[in-house]
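Peer 1: Take a look and give me a structure for this.
(2 chains)
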Amino acid sequence: MTLARDQVTHVAMLARLGLSDEEVERYRQQLDTILAHVDRLQQVDTSKVAETAQIGGLVNAWREDVRGECLPVEKALANAPKRRRDHFEVGAIQE
Amino acid sequence: MSRETVAELGARLRRGNATPTELAAQARTALESIADLHPVLRYTDALTERQAGRAARILAESPEEAGPLCGIPFAYKDVLCVEGVETSAGSKILEGFIPPYTGTALQRLLDAGAVPVAVTNCDEFAMGSSNENSAFGPVGNPWDPNRVPGGSSGGSAAVVSAGAVPFSLGTDTGGSIRQPASFCGVAGFKPTYGRISRYGLIAFASSLDQIGPFTRSVEDAAHVFTAMAGHDPRDSTSSPAPVEPVAEQLARGVQGMRLGIPREYMAEGLEPGVRSAVEAALAQLEKLGATLVEVSLPSTEAALSTYYIIAPAECSANLARMDGVRFGLHVDRKSLTDTYLETRGQGFGPEVKRRIMLGTYALSSGYYDAYYRQAQKVRTLIAEEFDRAFESVDALVSPTSPIVAFPKGDKSDPLSMYLCDILTLPVNLAGLPGISIPCGLSEGLPVGLQVIGPRLQDARVLRVAHAYEQSTPWHTQMPPPAPAVTGTPS
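Peer 2: Purely as a prediction, here's the structure:
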């Protein structure tokens, strides 16, 4: 398979990664090589196999629906690059 | 450099021949003396002092309460959170991040009186097999500073290998404890998935990540494991199964045990020196009374591909939280989208970006079924093959890595780096416990022997490893006196 440049820029946008033109080309080539290798997965017959998402055999981990301890506001905001009063501050979502 | 184990240092503390503060200071001096190898990112100064004082009080006032780790200095990987001590995950995007809380594994060690001394270098977000992906520079292998210590927990392996601390913590997602343990000639234990809480561990791939110790002996690994293991309500994937006593079972030996040798793990691609060291180790286990049985794990070849879909997919989701809003690097732009793009574009290094891209691709519309869903199904096959093998054998034994530590800069192509973990990552996919212990040298560099057990049979893995270790001299070998580091890779 050959990965197209616009597929790479599409994926980079989905992942919110700002890449230079040079990076786009480098990742296009590298991902192409890696995907060619992992494509051998398609040859494994899995028609009778269920997916594994959790290997420990646990199904659900319930707890009582009661409020527990939570991080105090000051601690939660201590690493914030920008804050306004008791909130994280972000830029405009729409232009 | 010191060969002293946790058990020996503990005996010295209890006899009054050393204090926790003295041991911490000795560890600090020893770590500073190997600064050229760059295994330490920062020291835990105030925490060290506080914890050493606490351990001293326990030893003086209620020695009966002092467990085997009380007063013992250690180092931990830069992905584990301790309140008030910087954790950066080897990344520019988290440089300066001060965790607001302490993770469970670390908290349990602090409760046991262990004394943190330093935070160790690692591959960025634990992604790598050589420690060359750290944003803060690579680590040298104490056996040869021009070679890599393995990764991603390279700093943690190096500090134990060099004898600076008796134990350290790492994390293992596809081999990141066992492979560096193999490269540096120490014991490295990855417990069963879910046996140690991941709360407070900066996530890479949540269905694979596991915390575990580097030590100079299997007995020490058992002590550190016991202190950290057990259910934690703060990690919903942590196992509620009771933790069986490990230390008591260590000395039971392998007489009468059936040990499986996966044919695929001994296939071509093993360096001759690795093969001969591992074959000698197998003969030794037979001499100790174990029966060796060849087994087959036919899906081994598909494991690498499976891993390099599942791990990047999970990492692309986990690292979405590095958004420049709540913590870490923030590159200010007018719109939120541009802030995300620039913050993440500038903050992440090449390997992390590569894996985020790969994972996002595998999860994206139109490719999900072909890649992610298929990988999860092959994961089932891999786990079932292990389960079947364990119906006829008690444990599996293999090389940890097909190669010994390689020169820095030797594997610049991503795929060749990924192939380093071919013998360790199936164990993560199946959620099994695995340990690497030293089993000889090849051209003057350590070779690791891997022991793998069924899920939750951590004690059995340690028992086999202990029997082998105690009957061979390899765990007492120290790296040769340090030669000068020559040059750096381009």
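
Peer 1: any idea how far residue B:181 lies from residue B:346?
Peer 2: 34 Å (Cβ to Cβ, to the nearest Å). The way it works is simple: take the backbone N, C-alpha and C, and place the C-beta from them, glycine included.

Peer 1: Quick check on the two: which one has the bigger neighbour count.
Peer 2: Neighbours per residue, other Cβ atoms under 10 Å in any protein chain shown: of residue B:181 and residue B:346, the larger number sits with residue B:181, 38 against 13.

Peer 1: For the residue nearest the centre of chain A, which residues are in contact?
Peer 2: Centroid-nearest residue in chain A: residue A:15, 6.7 Å away (criterion: Cα atoms, centre = their mean). Applying Cβ atoms under 8 Å, 6 or more residues apart in numbering or on different chains to residue A:15 gives the contacts B:316, B:344, B:356, B:357, B:360.

Peer 1: Does chain A have contacts with stretch B:329-342?
Peer 2: Yes: against chain A, stretch B:329-342 shows contacts by Cβ under 8 Å from any Cβ of the partner chain at B:329-330, B:332-342.

Peer 1: correction: stretch B:423-441
Peer 2: Yes: Stretch B:423-441 reaches chain A (Cβ under 8 Å from any Cβ) through B:429, B:430, B:431.

Peer 1: Tell me where chain A has helices.
Peer 2: Secondary structure of chain A by DSSP state H: the helices cover A:5-14, A:21-38, A:73-77.

Peer 1: For the residue nearest to residue B:162 when sequence neighbours are not counted, give me phi and psi.
Peer 2: Excluding its sequence neighbours, the residue lying closest to residue B:162 (Cβ to Cβ, 6 or more residues apart in numbering or on different chains) is residue B:142, at 4.2 Å. Main-chain torsions, residue B:142, degrees, to the nearest 10: phi -60, psi -20.

Peer 1: Touching, residue B:142 and residue B:160? I think so.
Peer 2: No: checked against Cβ atoms under 8 Å, the pair residue B:142 and residue B:160 is beyond contact range at 9.3 Å.

Peer 1: got any residues that touch both of the two?
Peer 2: What both residue B:142 and residue B:160 touch, as defined by Cβ under 8 Å, 6+ apart, is the set residue B:184.

Peer 1: For the closest residue to residue B:422 other than its chain neighbours, which three-state class applies?
Peer 2: Leaving aside its sequence neighbours, residue B:422 sits nearest to residue B:304 (Cβ to Cβ, 6+ apart; 5.8 Å). For residue B:304, the assignment made with DSSP: H, G, I helix; E, B strand; the rest coil gives helix.

Peer 1: And for the one 5 residues further on?
Peer 2: Taking three-state DSSP as the rule, one finds residue B:309 in the helix state.

Peer 1: number of nearby residues for it?
Peer 2: Based on other Cβ under 10 Å, the number of other residues close to residue B:309 is 29.

Peer 1: Could you tell me which residues of the stretch 51-200 of chain B lie near chain A?
Peer 2: Checking the stretch 51-200 of chain B against chain A by Cβ under 8 Å from any Cβ, the hits are B:97, B:98, B:100, B:101, B:192, B:193, B:194.

Peer 1: What is the neighbour count of the last one?
Peer 2: By that I understand residue B:194. 26.

Peer 1: In terms of helices and strands, where is residue B:9?
Peer 2: helix B:6-15 (DSSP states H and E).

Peer 1: Same check on residue B:292?
Peer 2: Per DSSP H and E: strand B:291-295 holds residue B:292.

Peer 1: Average pLDDT for that strand, rounded please.
Peer 2: On average, the pLDDT along strand B:291-295 is 98.

Peer 1: Residue ranges in the chain under the pLDDT threshold?
Peer 2: Unless you meant another one, I'm taking chain A. A:1, A:95 (pLDDT under 70).

Peer 1: that answer is for a different chain, and I need it for chain B
Peer 2: For chain B (pLDDT under 70), the answer is B:1, B:482-490.

Peer 1: try 90 this time
Peer 2: Residue ranges of chain B with pLDDT under 90: B:1-3, B:63-65, B:244, B:247-248, B:267-269, B:365, B:412-416, B:419-420, B:481-490.

Peer 1: re the thing from before, want to throw the helices of chain A into CSV with mean neighbour count and distance to residue A:84?
Peer 2: CSV is the format used below for the helices of chain A (neighbours: other Cβ atoms under 10 Å in any protein chain shown; distance: least, Cβ to Cβ, whole Å):
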stretch, mean neighbour count, distance to residue A:84
helix A:5-14, 17, 28
helix A:21-38, 16, 34
helix A:73-77, 14, 10
